[in-house]
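Return atomic coordinates for the entry below.
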Amino acid sequence: MFAALAAHPWAYPMLEVVHIVGIALLLGNLLALEVRVWGGASVLSVQALARLCIGLALLGFALAAVSGSLMWATQASELLNNRFFLSKMGLLALAGINAAWFHCRGSLQKLDAMAKASMLLSSVLWMWVLVCGRWIAYG
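Coordinates of the predicted model:
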């Protein structure tokens, strides 16, 4: 199956499109929620916005994870030797740990300085995931 993905002229580019759509859903919704956590769009309920944004962000993450896994499977040995790929995976793990910590401490209810710092860290981590992802082709 993975050889077919690598061999078919449209398969890999379509996986890349799905990956980009997933990233857009994930980051767009996380940034919208961050704006609210930081005090912007205060007419919107944090809880209602979070329900919408987190659901869409999770859908985006799922699309990116599945498409990324399939792309990885077509060239696993090369990617495991790519410093940008390895950095991206490490940053993804840190972003996941940060998200788990954010939700486990009830940050959406508190909206305190720690919640804001965690959201800012999330955005920084995800931006570096993007940078490393883009540089995989050059590493």
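
which residues touch residue 30?
For residue 30, the contacting residues are 53, 57, 119, 122-123, 126, by C-beta atoms under 8 Å, 6 or more residues apart in numbering. C-betas here are computed from N, CA, C, even on glycine.

Buried members of those residues into ChimeraX, please.
Typed into ChimeraX, the line below selects the buried ones among these, using 16 or more other C-beta atoms under 10 Å:
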select :53,57,119,122,126
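
Helices of the protein, residue ranges please.
Taking DSSP state H as the criterion, the chain carries its helices at 2-7, 11-37, 46-74, 76-79, 83-104, 107-110, 113-135.

Residue 130: neighbouring residues, count only.
Number of residues near residue 130 (other C-beta atoms under 10 Å) recorded here: 14.

Under the pLDDT cut-off, which ranges of the protein? List them.
Applying pLDDT under 70 to the chain flags residues 1-2, 6.

Give me the outermost residue of it relative to its centroid.
In the chain, counting by C-alpha atoms, centre = their mean, residue 7 sits farthest out from the average C-alpha position, at 27.4 Å.

Tell me the spacing between that one and residue 115.
As defined by C-beta to C-beta, to the nearest Å, residue 7 lies at a distance of 47 Å from residue 115.

same check, this time on residue 70
Applying C-beta to C-beta, the value for residue 70 to residue 115 is 35 Å.

Of those two, which one has the most company?
Between residue 70 and residue 115, counted using other C-beta under 10 Å, the more crowded position is residue 115 (20 against 17).

Please identify the nearest residue in space to that one, excluding sequence neighbours.
Nearest in space to residue 115, with sequence neighbours left out and distances taken as C-beta to C-beta, 6 or more residues apart in numbering, is residue 107 at 3.7 Å.

What of residue 42?
Across the structure, with C-beta to C-beta, 6+ apart as the measure, the residue nearest residue 42 apart from its sequence neighbours is residue 36 (7.8 Å).

show me the residues around that neighbour that make contact.
Contact criterion C-beta under 8 Å, 6+ apart gives 42, 44, 46, 49-50 as the residues in contact with residue 36.
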